[in-house]
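>>> My questions concern the predicted model and sequence given below.
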Amino acid sequence: MQIIKQLILMILKPLSFLPAILMMCVIFNFSAQTGVDSGNLSYAVSHKTVEIGNKVLNKNLEEWEIDEAAYRIEYPVRKLAHMTEYFLLAIAVSFPFYVYGVRGIALMVVAGFICVGFACGDEYHQSFVDGRGPSVKDVIIDSVGVFAGIIAVRICCFTILAPFRMLERRRRKKAQIRRRKKAYR
């Protein structure tokens, strides 16, 4: 049974990096959009957000008012999208390292370095895309998302997995006591 468990872990542990790789591909593809395409996508999301808000809150806004509100919130929506992408990337990068036993400050440093490094590379990549350019401000915004994602992983792993670690320690302690009793017989 123990051999099967080790075999399964040996196969599944490396697969824990797949979500991070997929998230990096998603970010790369968004960054490969031209400035016009990216702007249109941000505006479409902003417009849909205002439309939904208009219906839910019964504001009865006219179409021109919806367009104006969508235009006003487009920039914050775009920056929030940056932050959200890197929040998800940080979670996707942090979790496999947690699975491999990296904890505490080391987890924050390793995952943070990888994600912020990717953000810098992403901005460099945008310098080659039509209508786009690198921005230090975007790297800072991305870094805020990274930090929030790493903290979220630490909180979740601590609160969700801590009871299981306590149970495992108890089980090991009981097994150790049983072995000692057998040794004295």
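Here it is on my side, so go on.

>>> average pLDDT for the one helix or strand residue 75 maps to?
If you go by DSSP states H and E, residue 75 is part of helix 63-99. The pLDDT scores in helix 63-99 average 93.

>>> list the buried ones in that helix?
66, 69-70, 73-74, 77-83, 85-98 (16 or more other Cβ atoms under 10 Å). To be clear about C-beta, it is placed using only N, CA and C from the backbone, and glycine gets the same treatment.

>>> Residue 120 contacts residue 136, correct?
No. The pair residue 120 / residue 136 is not scored as a contact, 9.4 Å apart, by Cβ atoms under 8 Å.

>>> Those two: who's more crowded?
The neighbour count for residue 120 versus residue 136, taken as other Cβ atoms under 10 Å, is higher for residue 120 (16 against 9).

>>> So which elements touch the helix or strand that contains that one?
Assigned by DSSP H and E, residue 120 belongs to helix 104-126. Using 3 or more Cβ pairs under 8 Å, 6 or more residues apart in numbering; DSSP states H and E, the elements in contact with helix 104-126 are helix 18-31, helix 63-99, helix 136-184.

>>> ok, now how distant is the most centrally placed residue in the chain from residue 107?
The residue lying closest to the centre of the chain (Cα atoms, centre = their mean) is residue 88, at 1.7 Å. Going from residue 88 to residue 107 by Cβ to Cβ, to the nearest Å gives 17 Å.

>>> Over to residue 7?
With Cβ to Cβ as the criterion, residue 7 and residue 107 are 26 Å apart.

>>> Give me the more crowded residue out of the two.
Set residue 7 next to residue 107 and count neighbours by other Cβ under 10 Å: residue 107 wins out with 21 against 10.

>>> which ones are touching the closest residue to that one other than its chain neighbours?
Distances taken as Cβ to Cβ, 6 or more residues apart in numbering put residue 97 closest to residue 107, at 5.6 Å, once the chain neighbours are dropped. Counting by Cβ atoms under 8 Å, 6 or more residues apart in numbering, residue 97 touches 107, 110-111.
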